[in-house]
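Visitor: just the structure for this:
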Amino acid sequence: MKDPTAEGRPYILHTTDETYIEEIDNLSFIAPHHVVALRNSLGKLAVYSHWASGDDRVLREEQEHEYYDYSTIGGRLELENRAADAGPLYRQLADQLAAAEQSELRAPLPPSLRIIQSEARAAYLRSVRPQLYLPFVAGVS
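Guide: Below is the predicted model:
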């Protein structure tokens, strides 16, 4: 970002926490809401996960995937989720996503930002996480 002439990446990496419930009729089920996605010129792979309770670790169990192959019209429109097809492009996107997650999303911050990161993580775990889970868990018998 410091150098506007620097070469960019061949992909877009995105992460977010979607804090809504898709399955509102069944409050015992909370859809995975932590999303990490990678998109390149060939396709897109998005992985939806739960957070570990009271922690910032992603749980690998019960993950949901979206995979779109942009070589088809339905894939480009993101109407054909082919997550069940673990073909070569899916594996390529999965490998690229895993590498980017490790080298970019999980990379240590510069020392000058680590205190702020620690404070932000503590505030997030203290305030956001209970709001996401407690109202729904309390309503389930």
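
Visitor: how far is stretch 67-75 from where the chain is centred?
Guide: Averaging C-alpha positions (C-alpha atoms, centre = their mean, to the nearest Å) puts stretch 67-75 20 Å from its chain's average.

Visitor: equivalent analysis for stretch 90-103, please.
Guide: Using C-alpha atoms, centre = their mean, the offset of stretch 90-103 from its chain centre is 12 Å.

Visitor: with stretch 86-99 instead?
Guide: 15 Å.

Visitor: got the CA positions of stretch 3-22 in PDB?
Guide: Only the C-alpha atoms of stretch 3-22 are listed here, as PDB (Å, rounded to 0.1, in the frame of the first residue of the first chain):
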ATOM      1  CA  ASP A   3       4.000   2.000  -3.200                       C
ATOM      2  CA  PRO A   4       1.200   2.700  -5.700                       C
ATOM      3  CA  THR A   5       3.400   1.200  -8.500                       C
ATOM      4  CA  ALA A   6       3.800  -2.100  -6.700                       C
ATOM      5  CA  GLU A   7       2.400  -5.200  -8.400                       C
ATOM      6  CA  GLY A   8      -0.900  -6.400  -6.900                       C
ATOM      7  CA  ARG A   9      -2.000  -9.900  -6.000                       C
ATOM      8  CA  PRO A  10      -3.600 -12.200  -8.500                       C
ATOM      9  CA  TYR A  11      -6.500 -12.600  -6.000                       C
ATOM     10  CA  ILE A  12      -8.800 -10.900  -3.600                       C
ATOM     11  CA  LEU A  13      -8.900 -12.100   0.000                       C
ATOM     12  CA  HIS A  14     -11.900 -11.200   2.100                       C
ATOM     13  CA  THR A  15     -12.900 -11.900   5.700                       C
ATOM     14  CA  THR A  16     -15.900 -10.900   7.700                       C
ATOM     15  CA  ASP A  17     -18.200 -11.900  10.500                       C
ATOM     16  CA  GLU A  18     -21.800 -12.000   9.400                       C
ATOM     17  CA  THR A  19     -23.900 -11.700  12.500                       C
ATOM     18  CA  TYR A  20     -27.300 -12.800  11.300                       C
ATOM     19  CA  ILE A  21     -29.100 -16.100  11.500                       C
ATOM     20  CA  GLU A  22     -30.300 -17.600   8.200                       C
END
